[in-house]
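Visitor: Could you look at this predicted model? Sequence included:
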Amino acid sequence: MTLFELVIRSMRKNMKQYYLYFFALMMSTTLYFVFASLQNDTTVLAATFGDVQFASLFQASGVLLLAIVAIFMLYASRIFLNRRSREIGLYQLIGLTRNKVSLLLMSENFLLGLGALSLGIVVGALMSRLFLLILMKLIGIQGVVSLTFSLSAALQTVYVFAALIGLTLLQMLYHVYRATLLELFNADRQSDHPRQQSQALSAAMGLLGLALIAAGYWLSGKPSGDRLLLQIAIVLSSTILGTYLLFRVTIGWLFDRYRRSKNGQLGLKNSLALAPIMHRLKANANSLTLITVLSAMTLTMVSIAYSLYYSAEKESRAMLPYDFIFENNEQAAAAFHADLEKAGIAFLQNPLEALRLEGVIGNEKAAGSSSLLLLPAERLQQSGVDVVMPQQGEAIWYKGQRTALDEKTDESAFPLSVELEDGLGIQVAGSVDRYAMNFSVSGRQLVVPTATLQSIRSQLPLHSDAFVTLDAYRIAEKGDLAAASELYAKHVKAEKSGSDFYVYAQASLRKFGLMIFTAGFLGLIFLIATGSILYFKQMTEAEQEKKSFTILRQLGFGEREIMGGILRKQLFVFAIPLAIGLVHSIFAVKTAAALTLSNIAFPAAVAMAVYTLIYFTFAALTAQYYRRIVGSALFRP
């Protein structure tokens, strides 16, 4: 038998093991090719975002996508190498040199990778159009953008996956030349159960893991100020280390305490569930920590991206309460008014008189005075803006949207005194994290009673520059916003307050649409990688436990009883990492929610539910594979 015939025969024999790996590798290639096609097509870039920052985000996402695929391929390759250790040892026993065995494995992996790469590019070329339509739909572009086969994207995909396949080949060489025959034949019998430690030390390490996770949660909810990057690094380090200790020590210690409480009499189902987990505690700690962290990252990324996209219009309305604004330009406002009537667009016009003064809020004297915009509360309420009505001589500070670097305002610090020019003054009774007037109107927005505004105005010179006339417009029908925005653009070329609601909302929709598109791409790869890794590990363990199932059959146990214990094991392997990942992501999303102006709980819950549903598809596949293994062990002749 030639080496080529041996390769073909070996691949045919191991096809049941490799089919999901091949599918996952092909899907990874497909998604990367689609991503590269969109990234390299200048027409698509110009039609979608065409911004340097967004293009950089797309490139960074491509690098992250590549890193995920690399981790998946190396991890899956190691699992299959360990599973085939006995086969590799047999090849050497019958006379094949390590060079020949290495060439055999490398040929298999090369053919497998070449097939997945070729098929992935073909499928990617067919699916690129579909993903482009999804992207266009997400960012709200109605036009048709053609997408042709990108040779540069194909070459980029080939180069990248050739490098990744090369890494797996090096991994195979290392495994073959490093392992002895005895290690190869005993690979599936080796236990990685940790050395028995004292109960006090195990309890202390277990509590330390929980404390690290709790510390990460607590720190994530604290304001960061200008130490954001340091805080993120500390939170990630604390949470990841705590998660590792949770799987490595805490859960193992709890299982050990449970076994001791039962005096070792666990019963069939608990034995089938706990014994394999504790037997492979170290390897499970590494893989389950990786799965948990990846799941938490994916859930956080997808949930935040979907939440921002879902809330884009609400966020835009919080930034711009009015559709259109004219500042100290009655002529342009009148012309716009006439154009709207001529076009048959229904609208509401709300003229407001405000004051823009220099002043200092609270203890900001060292920073110098800033521009303050005083707005009449009653007039804002009449025009439909939801504002808090302050008391006479007081103001409510509408601060607008917080950024990630802002400290949260301490409500106990109010009231704050405000020193205005010409010796005038008022007090700020509280703050609201949205705008009462379009953010494009300059000045820090203070909403005051009309009587207070008139009192301050009466003390100013007759022709003071502080007097501001604002003509605010709201369009009655949402469908008329686009046409009204085109009319508005003709009158605000010289206006500083030229941003209107429609333009801003469309820009936000494109920005967040791109974010959810890239997050969906990365999330899909994360799902494929994490789900496949767990599936491959359980396939290997199922083969190793097959003899135990045969012994249980001889003792009189049936398939239903054995599967009951196996399903409990799968609950630990799949459900616990997901549950911990969900808790991690909930705290991360909660932190991100403080940076937005709308409630993102519902969209975040939807994203997490969809992820969970897809994730448990792999659990169902694993349970089905175990059922086949158990069936063959129980009923084979």
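Guide: Structure received. Numbering: from 1, shown residues only.
Visitor: Nearest residue to the middle of the chain?
Guide: Met301 (0.9 Å; Cα atoms, centre = their mean).
Visitor: Is that residue located within a strand, as I assumed?
Guide: No: counting by DSSP: H, G, I helix; E, B strand; the rest coil, Met301 falls outside a strand, being helix.
Visitor: what's the pLDDT at it?
Guide: We have a pLDDT of 80 for Met301.
Visitor: From Gly113, how far out is it?
Guide: 28 Å (Cβ to Cβ, to the nearest Å). Where you see a C-beta, it was placed from the backbone N, CA and C, and this is true even at glycine.
Visitor: Now stretch 441-451: buried residues?
Guide: Residues 441, 443-449 are the ones in stretch 441-451 that count as buried (16 or more other Cβ atoms under 10 Å).
Visitor: scratch that, stretch 312-326 is what I was asking about
Guide: For stretch 312-326, by 16+ other Cβ under 10 Å, it's 312, 315-326.
Visitor: The closest residue to the residue nearest to the centre of the chain other than its chain neighbours in helix, strand or coil?
Guide: Nearest non-adjacent residue to Met301, counting by Cβ to Cβ, 6 or more residues apart in numbering: Ala519, 4.9 Å away. When classified by three-state DSSP, Ala519 comes out as helix.
Visitor: Now do the buried residues in stretch 360-376.
Guide: So, applying 16+ other Cβ under 10 Å, buried residues of stretch 360-376: 360-361, 372-376.
Visitor: count of neighbours near Val349?
Guide: One thing to correct before we go on: residue 349 is Gln, not Val. 15 (other Cβ atoms under 10 Å).
Visitor: Can you tell me the SS state at it?
Guide: From three-state DSSP, the assignment for Gln349 is strand.
Visitor: Wait, it touches Ala476, no?
Guide: No: using Cβ atoms under 8 Å, Gln349 is not in contact with Ala476, being 11.4 Å away.
Visitor: Cross the buried residues of stretch 441-451 against strands and list the overlap.
Guide: 444-448 (DSSP state E).
Visitor: With respect to Gly124, which of those is nearest?
Guide: Nearest to Gly124, judged by Cβ to Cβ, of those is Gln445 at 49.6 Å.
Visitor: Tell me the bridge partners for the closest residue in space to that closest one that isn't next to it in sequence.
Guide: Of all residues not flanking Gln445 in the chain, Tyr398 sits nearest, at 4.3 Å (Cβ to Cβ, 6+ apart). Here Tyr398 sits in beta bridges with Val432, Gln445, as judged by DSSP bridges.
Visitor: What count of nearby residues applies to Tyr398?
Guide: 25.
Visitor: Quick one: residues contacting it.
Guide: 387, 431-432, 434-437, 445-447 (Cβ atoms under 8 Å, 6 or more residues apart in numbering).
Visitor: at 7 Å instead, please
Guide: Shown in contact with Tyr398 (Cβ atoms under 7 Å, 6 or more residues apart in numbering): 432, 434-436, 445, 447.
Visitor: Now for those: which two are most distant?
Guide: Most distant of these, by Cβ to Cβ, are Arg434 and Val447, 11.3 Å apart.
Visitor: my read: Asn109 touches Thr168, true?
Guide: Yes: counting by Cβ atoms under 7 Å, Asn109 touches Thr168, with 5.8 Å between them.
Visitor: so what does the helix or strand hosting Tyr18 touch, helix or strand wise?
Guide: Using DSSP states H and E, Tyr18 sits in helix 15-40. Under the contact criterion of 3 or more Cβ pairs under 7 Å, 6 or more residues apart in numbering; DSSP states H and E, helix 15-40 touches helix 52-83, helix 98-139, helix 151-178, helix 501-544.
Visitor: Tell me what angle it forms with helix 501-544.
Guide: For helix 15-40 against helix 501-544, the angle by axes from the mean of the first three to the mean of the last three Cα atoms, to 10 degrees is 160 degrees.
Visitor: Just the mean pLDDT for helix 15-40, thanks.
Guide: On average, helix 15-40 scores 78.
Visitor: between it and helix 151-178, how many degrees?
Guide: 140 degrees.
Visitor: Compute the inter-axis angle for helix 15-40 and helix 52-83.
Guide: 170 degrees.
Visitor: Centre of the chain to helix 15-40, how far?
Guide: 20 Å (Cα atoms, centre = their mean, to the nearest Å).
Visitor: Show me which positions of it end up buried.
Guide: With the criterion 16+ other Cβ under 10 Å, helix 15-40 contains buried residues 17-18, 20-22, 24-40.
Visitor: again with stretch 602-610
Guide: 603-604, 607-608.
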